[in-house]
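Undergrad: Below: sequence and its predicted model.
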Amino acid sequence: MAAKGKFTFRKIRQTLPNGIVKTVEMIDHPGAVLIVPFLSPRRIILLRQFRPTLNKYIYEFPCGTIDPRESPLRCAKRELIEETGYAATRVSKLGCLYPAPGYTNEIIYVYQADQLTPAEAQQDDDEIIETMVVSRRDLHKMLKQGDLQDSKTVAALVLCGWLK
């Protein structure tokens, strides 16, 4: 028997707005956060992280799953420290995203972190992460070259005003 994880696969019967009854297969998700960490108005922290599901490194912003009884804001502050080694004096909510509404109820709360100060990073053992500082120009170049493929990161760049 598999160990109980963070996510649950469910099949539910649902009556749609048009009256059709359908069996829906879905992944029940506790929610997540994504943080856009600004070192300055012109420089942000981006991660190069190994993702086992893709078997490769991708570029993305710090993010993580919300723990039981943890608020999205508290999770954002925790994940920022764990993954970047910085704490933020100011954290503000930019919006919310549904990354894959066709098969999961996951919601990602997007935050901007400003006024960063060094803190002790405490990455999980199974996380392989490199931090890098990039400019807006660097990000645009990465996007045009196809190096920036993480959809939640691209959406967060729109929410923080770096992509228009």
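TA: Arrived safely, thanks for sending. Computed from a predicted model, the values in this text were never measured in an experiment.
Undergrad: Give me the neighbour count for residue 77.
TA: Number of residues near residue 77 (other CB atoms under 10 Å) recorded here: 19. All C-beta atoms are positioned from the backbone trio N, CA, C, and that covers glycine.
Undergrad: For residue 117, give the beta-bridge partners.
TA: For residue 117, the beta-bridge partners under DSSP bridges are residue 87.
Undergrad: Use 44 as the first number for this chain going forward.
TA: From this message on, residue numbering opens at 44, which makes the last subject residue 160.
Undergrad: And it, how far from residue 116?
TA: 18 Å (CB to CB, to the nearest Å).
Undergrad: who's more crowded, those two?
TA: residue 116 (14 against 8).
Undergrad: Surely that one touches residue 134?
TA: Yes - if you go by CB atoms under 8 Å, residue 116 and residue 134 touch, sitting 6.5 Å apart.
Undergrad: Can you check my assumption that residue 96 lies in a helix?
TA: No - secondary structure of residue 96 (DSSP: H, G, I helix; E, B strand; the rest coil): coil, not part of a helix.
Undergrad: Now it, what are its backbone angles?
TA: Dihedral angles of residue 96 (phi, psi; degrees, to the nearest 10) stand at phi -60, psi -30.
Undergrad: what about it, neighbour count?
TA: 5.
Undergrad: Could I get the pLDDT score of it?
TA: In this model, residue 96 is scored at 94, pLDDT.
Undergrad: Now do the helices in this structure.
TA: 115-127, 179-188, 194-202 (DSSP state H).
Undergrad: which one of those helices lies closest to residue 147?
TA: Residue 147 lies closest, by CB to CB, to one member of the helices of the chain: helix 194-202, at 12.8 Å.
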